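**Student:** Prediction below, plus the sequence it came from.
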Amino acid sequence: MKHLLLALLITIFCPSLAKAQTKDTVRVMVYNLLNFPDGSTICSTTNAIQGRVDTLQKILEYVQPDVLMVCELQHALGGLSILNNALNTNGKTNYRMVTYQANQSGFSSLNNAFYYNSDKLIFDNAPVILTDLRDINVYQMEVVNPDTTASRATIDFMVGHLKAGSYITNEERRDRACDSIRAFVDAFPTERNIVLGGDFNMYSGTEAGFVTLTSGKYPFRDPINAPTNWQTIPSWNFMHTQSTRSSRSINCGATGGLDDRFDLLLTSDPVLQGTNHVQYLASTYDVIGNNGSTYNDNINDLTNTSPEPRAILDALYYMSDHLPVVLELEVTHPTTIAVRTLAKAELGLHLYPNPAGEQLTIQHHLSDTKKVYWEINDMLGRTIQSNRLSSTQQLLDISQLPQGVYSLTLSTATEKQQKTFVKR
C-alpha cells in the first residue's frame, strides 16, 4: 500500500518523474488459404496443388505479420506445418500457434487458426461462436508490456469464414452468422478492443450481415470507410481480394480475376478511435498485391503496378484464390501498476470444452485447493454460481445456464484469473 501511495504522489506532484508511456505496433494479417494444405480434386482431377507451405513462407516472410488469422485450414497437421515451415523459419522461433480447434458448427473440413508473435503478445483465452456452418473463433490476447509491473493492453481477435454464394439463402445464412457475432460482442459489459477478420463473402456494404456487424450496441467499423457499393466503383478496385486468377482454377478456387471484396478486417470503435490503449494506424489497411491495376485480371499479370516484387505476386497467384489483408495497430502501453502477484502461466486456469454444453471442466496448476474458489458471472457482472474447488481438475454442471457468454473467475486470497466461455 505504501508503494502504491508513493507512486500516486509522484505522478500527481512530480509528473516529470512519472513513468513515460511506451508504444509498440502490431501488424495483423488475415488470409483464406484455400483448401490448405492438401488441396482439392472435387472440381477436377488435375487442378490440385499440394505442398504450398513454401509458397506461403515467401508471402509471410514478405509481410512479417505479428498476428496471422487463417481460414480454410483442413487439419491440425497443416496448422503445425504453417508454424514450423512458414513462420518459424530463417532463424525465427518467436511465433506460436493457439491450440487447434476443429470446427464445431457442422462443416469440419475447413477450419480457422491463429498464430502470433510471442515477443509482442500473450495468449489468454479462445472462446468459440457457433453458427449453422463454420465456427467464428475468438482469440483474446494481451500485449507484452516492457514494464512488467504495469498492466497490459488487451485485444480480441476474431476470425470467420461465412457462407459463399449470391443466392438470397446464402445471404441469409451470412446474416445469421453475423447475428451470432453481434450477440457475442454486445454481451460484454463494456466495449473492447476487437479486430474482426475473415472471408465474409459479401458483395456490398448493404448486405444484411454487414449492416448487422456495423450496427448494434458495440458496432464494428470499416477502417477505410469504404462506400457500401464498393463493388461498382473503379477507384475502390484496390480493395478487391478475390480472385487472384482470371481463368485457371487451382484447388477448386474461383476464377474471374480480381473483382470482389470478400476478405475484410473490421475494428471496434475503441480501436478506430484509440480510446483504450490500442489504435488503428491510418493508411495501413492494405490488400497485399492489389493497388487497383488488375481488375478482372490475374494478380501476377504484367499490368500489375503494385509495389510487391514479382516473386511475391507469383506466390500470391499459386497460393490461393484470395489475397491477404493487413492493417497495423499502435499500442500505447498502460503505466498503471498491475494488481497481479502471480503470473497467469503459473495459475494455469484452463476451461474446456469452450463452447460448453451441459458440463464445463476447470483445470489449474495450484497444488493446494483448500482455499481456491470459482465464480461464474454473466456479462452484467451478476454472480450466477460460485463454490470452492475440490481438485485441480473439476467438472461443473452448467446445464441450467441459459445460452450466452459468461466469465469464470478463479481466486485465492491474493490471486485472481478470469476467462470467458460460451454456453451453447
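**Tutor:** All right, it came through fine.
**Student:** Summarise which helices and strands the top helix by length along the chain is packed against.
**Tutor:** Within the chain, and with DSSP state H defining each element, the longest helix by residue count is helix 168-186. Contact here means 3 or more CB pairs under 8 Å, 6 or more residues apart in numbering; DSSP states H and E; on that basis helix 168-186 packs against strand 128-129, strand 136-143, strand 154-161, helix 208-213. To be clear about C-beta, it is placed using only N, CA and C from the backbone, and glycine gets the same treatment.
**Student:** after the worst-scoring helix or strand of the chain on mean pLDDT, next one along is what?
**Tutor:** Here the helix or strand of the chain ranked lowest by mean pLDDT, DSSP states H and E is helix 2-13, holding a mean of 46. Using DSSP states H and E, the helix or strand that follows helix 2-13 towards the C-terminus is strand 23-36.
**Student:** re earlier: kindly reformat the helices and strands packed on helix 168-186 as JSON lines containing distance to residue 360, mean pLDDT and mean neighbour count.
**Tutor:** Formatted as JSON lines, the entries for the helices and strands packed on helix 168-186 read as follows, by distance: least, CB to CB, whole Å; pLDDT from 0 to 100; neighbours: other CB atoms under 10 Å:
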{"stretch": "strand 128-129", "distance to residue 360": "13", "mean pLDDT": "90", "mean neighbour count": "22"}
{"stretch": "strand 136-143", "distance to residue 360": "17", "mean pLDDT": "95", "mean neighbour count": "22"}
{"stretch": "strand 154-161", "distance to residue 360": "20", "mean pLDDT": "97", "mean neighbour count": "25"}
{"stretch": "helix 208-213", "distance to residue 360": "29", "mean pLDDT": "97", "mean neighbour count": "20"}
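**Student:** CSV for these, including distance to residue 109?
**Tutor:** Conversion of the helices and strands packed on helix 168-186 to CSV gives the following (distance: least, CB to CB, whole Å):
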stretch, distance to residue 109
strand 128-129, 17
strand 136-143, 16
strand 154-161, 11
helix 208-213, 23
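**Student:** Go through these and name the closest to residue 241.
**Tutor:** Ranking the helices and strands packed on helix 168-186 by their distance to residue 241 (criterion: CB to CB) puts strand 154-161 first, at 13.0 Å.
**Student:** Would you list the strands that the closest one pairs with, along with their directions?
**Tutor:** Paired strands of strand 154-161, with direction, are strand 136-143 (antiparallel), strand 194-199 (parallel) (DSSP bridges).
**Student:** Quick one: these as TSV, columns for distance to residue 122 too.
**Tutor:** Supplementary listing: those in TSV, determined by distance: least, CB to CB, whole Å:
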stretch	distance to residue 122
strand 136-143	4
strand 194-199	16
